[in-house]
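K.L.:
Pasted the sequence and its predicted model underneath.
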Amino acid sequence: MTTVRGARRPENPPTSGIIAMEDAHTSGLYTKRSLVITRGEGATVWDSEGRAYVDCVGGQGSANLGHGNTAVAAALADQARTLASCTELFYNDRRAELYGVLAGILPRSLERVFLCNSGTEAVEGALKFARAATKRPGVVATMRGFHGKTMGALSATWGPEYRDLFGPLVPGFAHVPFNKPESLDAAITKDTAAFIVELVQGEGGVRPATREFIDEAARLCRQRGALFIVDEVQTGFGRTGTMFALEQYGVEPDLLCLAKSIAGGVPMGAIAFSAAIGDLPKRSHSTTFGGNPLACAAAIAALGEMARLDLPRSARERGRQLQDGLRAIRSDRVREVRGLGLLVGVELKENAGAALKALQDEGVLALGAGPTVVRYLPPLVITADQVDRVLAASAKALA
């Protein structure tokens, strides 16, 4: 019998041992904190030493439903025993059910869905669909925008820290200043296949789009035959206080990119699109794992739990509590607090690294969003008491 080297799990290895095991074989592409997270429940995670933290990283947006949700866990276990894999060569009951659930929460014009595995895959597919539908080469994106790191999505992403190593990227992409409606007229032309935008820039510093900017982009796309792509990979599924942020902007895009929390933490992405895309040629785009029954079962359960728990309402209430509390902190280090729902950023007048470390020392895990922004992205099941703990820790960390 063949033995797989390293397959046996050690009995309660020490923190230093776990870190050493990862460091011996990891890609080296990630900057890691010296913290081993081993367990989670709701908005709390525990490290290998047993210390609890309020989780304001939230799986970088994939843990809207929190950690350890029993409905999602039960759906996964049941489906894993029934059927885990079934490609779209065949029809499948779980996939069909998920399509129906999504149709009930998406804008009515977005009547078709392509299921994939991640946000960057959703963006890649949306860009391909736009070029196929319009027969045009150009794509307009925004400065500070982030849409993923595969080659097409990376071409829409703005940051030189992500792009410069991998050029030349896909041709035909241009970037306009975010929230500058006057910049759009010259950028969206008869050669533009699509304009792609986040309604709240996440990696770009937690910057909500203005209604004027989004309205003008949508108007010019309609007028000039370009397609309007909204990237809600991070803002979707209750994060901003509505199921999708687009509800607060009064727009219906031609394509909507989704991922992160769609399946309660299980990898899944989706592109929802309207009749403007037309009939795509068979086999022009596909994925082996997209729409597999395991992920579909998790998504059905997760979306059911989001409705049962009314997570958009929680995001509105707890987001207001968090933003008001952060604005009340008096510190010369703070430049601005901004956000939408429970996607909140504190822009500092200095690098955010020290504040992130101080928050961790106080029992709160948070994210950066560019060099000077502390980003709070907690599960939407976070309680009022936990938000108060975050605010007390933040007052100390930002003092």
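P.N.:
Right, received. Where do you want to start?

K.L.:
ok, residues contacting the helix or strand hosting residue 101?
P.N.:
For residue 101, the element it lies in under DSSP states H and E is helix 93-105. Contacts to helix 93-105, defined as C-beta atoms under 8 Å, 6 or more residues apart in numbering, come from residues 79, 83, 86, 88, 111, 113, 115, 243-244, 270, 272, 291, 293, 296-297, 299-300, 303-304. All C-beta atoms are positioned from the backbone trio N, CA, C, and that covers glycine.

K.L.:
after it comes which helix or strand?
P.N.:
strand 112-116.

K.L.:
Just list the residues touching the residue nearest to the spatial centre of the chain, thanks.
P.N.:
Nearest to the geometric centre of the chain sits residue 234, at 2.5 Å (C-alpha atoms, centre = their mean). Counting by C-beta under 8 Å, 6+ apart, residue 234 touches 60-61, 119, 198, 200, 202, 260, 343, 377.

K.L.:
Please check the residues you listed and keep the buried ones.
P.N.:
Neighbour counting over the contacts of residue 234 (16 or more other C-beta atoms under 10 Å) leaves 61, 119, 198, 200, 202, 260, 343, 377 as the buried ones.

K.L.:
For beta bridges, what are the partners of the third one?
P.N.:
Beta-bridge partners of residue 198, counted by DSSP bridges, are residue 231.

K.L.:
Strands of the stretch 101-250 of the chain, start to end?
P.N.:
Under the criterion DSSP state E, counting those that start in this stretch, strands of the stretch 101-250 of the chain are mapped to 112-116, 138-142, 173-176, 192-198, 200-201, 207-208, 227-231.

K.L.:
highest average neighbour count across the ones you listed?
P.N.:
Of all the strands of the stretch 101-250 of the chain, strand 227-231 carries the top mean neighbour count, a mean of 28, counting by mean count of other C-beta atoms under 10 Å.

K.L.:
and that strand, what does it pack onto?
P.N.:
Strand 227-231 is packed against helix 119-134, strand 192-198, helix 211-224, strand 255-258, with contacts defined by 3 or more C-beta pairs under 8 Å, 6 or more residues apart in numbering; DSSP states H and E.

K.L.:
Please save the CA atoms from it in PDB.
P.N.:
Coordinates of each C-alpha in strand 227-231 appear next as PDB, following Å, rounded to 0.1, in the frame of the first residue of the first chain:
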ATOM      1  CA  LEU A 227     -22.300  46.700 -21.600                       C
ATOM      2  CA  PHE A 228     -22.400  47.700 -17.900                       C
ATOM      3  CA  ILE A 229     -20.700  45.300 -15.600                       C
ATOM      4  CA  VAL A 230     -21.000  45.600 -11.800                       C
ATOM      5  CA  ASP A 231     -18.500  43.700  -9.700                       C
END
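
K.L.:
Which residues outside it are in contact with it?
P.N.:
119, 123, 126-127, 130, 133-134, 145, 147, 193-199, 217-218, 221-222, 246, 251, 253-257, 276-277.

K.L.:
Could you pull up the mean pLDDT of stretch 257-272?
P.N.:
Mean pLDDT, computed over stretch 257-272, is 98.

K.L.:
what about it, how long is it end to end?
P.N.:
Its start and end residues considered, stretch 257-272 measures 7 Å (C-alpha to C-alpha, to the nearest Å).

K.L.:
Checking my notes, residue 347 in a strand, right?
P.N.:
Yes - the assignment for residue 347 (DSSP: H, G, I helix; E, B strand; the rest coil) places it in a strand.
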